[in-house]
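K.L.:
sequence-free structure coming up:
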């Protein structure tokens, strides 16, 4: 079972493509998208509310029976740490082997997270390459991960938000149900 966490502010097409690649390459039965409340290691944002971000992910995954969305971090009091999320998901799915899908930028930062050894003992890492970052893993992580054969992309949630704020076309960057929801709710508008 793949665990794909993030702020998803908003979820975009590359997120969906990464999840599909993880399903195929790691032969996973399903992917759980975990919408974070406010990650302790991220500065700035999120810009949309947790409820809006959850709704966007739910809209993005509704057509794929192998994708689901989780509120485990949104509903947790206090900061959300990956190790705690893995514990909760493992408790709900006792027989599942867990695979944590993580971008190379976060992977390189993992030794600074809360209980990196605990994370590595609970889940196998599936790493997605990011442009302009070194492929060299920190020493404690060597041999404890797999790299997904996913083409590097520079598509980011920041780019999507920037287009929305600039009132530029953005529908080609996100799944159609997400574009509809953003327009209907006025997510990322100054008056939202």
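P.N.:
Looks like it came in fine. Quick caveat: nothing in here was measured; it's all calculated off a predicted structure. Residues are numbered from 1 along each chain as shown.

K.L.:
any idea which element residue 4 lies in?
P.N.:
strand 2-6 (DSSP states H and E).

K.L.:
pairing partners for that strand, with directions?
P.N.:
Paired with strand 2-6 in the same sheet, following DSSP bridges, are strand 31-35 (parallel), strand 99-103 (parallel).

K.L.:
which residues does it contact?
P.N.:
Under the criterion CB atoms under 8 Å, 6 or more residues apart in numbering, residues 15, 18-19, 22-23, 26, 28, 30-36, 73, 82, 85-86, 89, 98-101, 123, 126 lie in contact with strand 2-6. (Each C-beta comes from the backbone N, C-alpha and C, glycine too.)

K.L.:
how far out from the middle of the chain is that strand?
P.N.:
Strand 2-6 sits 5 Å away from the centroid of its parent chain (CA atoms, centre = their mean, to the nearest Å).

K.L.:
need the strands for the chain, in chain order.
P.N.:
Listed in chain order, the strands found in the chain under DSSP state E are 2-6, 31-35, 67-70, 99-103, 124-128, 145-147.

K.L.:
looking at this protein, which helix or strand is least sure?
P.N.:
Each helix and strand of the chain was given a mean pLDDT (mean pLDDT, DSSP states H and E); the minimum falls on helix 104-109 at a mean of 86.

K.L.:
what residues of it count as buried?
P.N.:
104, 106, 107, 108 (16 or more other CB atoms under 10 Å).

K.L.:
can you give me the buried ones in stretch 26-40?
P.N.:
26, 28, 31, 32, 33, 34, 35, 36, 37, 39.
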